[in-house]
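J.: need coordinates for the below:
(one chain, ligands or ions: 1)
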Amino acid sequence: MSRFFATIKRPRSIFGHGARWGCGIAAIAALGWFIGVDEKLSATPLELDGLTLVAAPSEQPDDESSESTNQDAKSVSDKKTEKIDHTKKQEVKWVDKYNPLSQAAAYVLKRKGTQPRSNGGYTNTTDKGTYVCRQCNAKLYYSTDKFKSHCGWPSFDDEIDGAVKRHLDADGYRVEIVCANCDGHLGHVFEGEQLTEKNTRHCVNTISMVLVPADEPLPPVLKLEKKRNKDK
Ligand SMILES: [Zn+2]
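T.: Below is the predicted model of the structure:
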């Protein structure tokens, strides 16, 4: 349509009525010009209407439909390449319960279990996006901080600010990492292995996380109503 309207600017200046009748009349007058009519057509709106009814369909629909097809194709391709800004603050939803968990996920997140070493799950995943907590959707890690440690679990050398809490593990020497929002068990963190410049490895269970692709919005982080009420 932009090409179409660029073309019809000329008749608007010839008729001189475009401004008075507004955009609609200007367009009608322009359509009159399009089929070869002259200044006389601007005499009354009635005449214009009559001409418009005859004149408009021959040119406009094709032009419009091809344009809208192009726009549709453009919006689809834009969507495919669109990157959503996951660094923005995540929405919060107050709930009575976190996400339901499978038995295996509950074993890790709630009972601090560990998945077997494996090259499956997210261990070797290189897809771009944000890893969120399976239990509460809180952002945990960016895929850009993931690296290949060959340890058999997904490994990150940095966490999202404030996303992860550290505790001394029950074994008395490892450092356990949990989701800062829901306290779900994630895995352990090791320092001083010289695997990356940051010299840190968050060794995380696949089942504790969900990868949200870079072109998809993050789900709202779930927070418990009873915690909010306690805070009051
Ligand atoms: Zn969580």
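
J.: number of nearby residues for residue 151?
T.: Residues lying near residue 151 (other Cβ atoms under 10 Å) number 14. Any C-beta I mention is one placed from the backbone N, CA and C, and that applies to glycine too.

J.: same question for residue 113.
T.: Residue 113, neighbours per other Cβ under 10 Å, totals 14.

J.: per-residue pLDDT, it?
T.: Note on residue 113: pLDDT of 97.

J.: grab the nearest non-local neighbour of residue 109.
T.: The shortest distance from residue 109 to any non-neighbouring residue, by Cβ to Cβ, 6 or more residues apart in numbering, is to residue 184 (3.8 Å).

J.: for residue 180, same thing?
T.: Leaving out its chain neighbours, the residue that sits closest to residue 180 by Cβ to Cβ, 6+ apart is residue 165, at 4.8 Å.

J.: can I assume the one you found sits in a helix?
T.: No: judged by DSSP: H, G, I helix; E, B strand; the rest coil, residue 165 forms no part of a helix; its state is strand.

J.: surely it meets residue 178?
T.: Yes: assessed by Cβ atoms under 8 Å, residue 165 is found in contact with residue 178 at 5.2 Å.

J.: who's more crowded, those two?
T.: The neighbour comparison of residue 165 against residue 178 (other Cβ under 10 Å) goes to residue 178, with 19 against 14.

J.: could you measure from that one over to residue 108?
T.: Counting by Cβ to Cβ, to the nearest Å, the gap from residue 178 to residue 108 is 11 Å.

J.: do the same with residue 114
T.: From residue 114 to residue 108 the distance is 7 Å (Cβ to Cβ).

J.: so what sits against both of the two?
T.: residue 205 (Cβ atoms under 8 Å, 6 or more residues apart in numbering).

J.: so residue 94 is in which element?
T.: Assigned by DSSP states H and E, residue 94 belongs to strand 92-95.

J.: mind listing the helices for the chain?
T.: 2-15, 18-34, 45-81, 103-109, 225-231 (DSSP state H).

J.: give me the mean pLDDT for the first one.
T.: Confidence over helix 2-15, taken as the mean pLDDT, stands at 38.

J.: for the chain, what lies in contact range of the ion?
T.: Contacts of the chain with the ion, taken as Cβ under 5 Å from the ion, map to 133, 135-136, 138, 179, 181-182, 184.

J.: which of those sits closest to residue 192?
T.: Nearest to residue 192 among those is residue 179, at 24.2 Å by Cβ to Cβ.

J.: and for that closest one, the neighbour number?
T.: The number of residues packed near residue 179 is 26, by other Cβ under 10 Å.

J.: thank you, goodbye.
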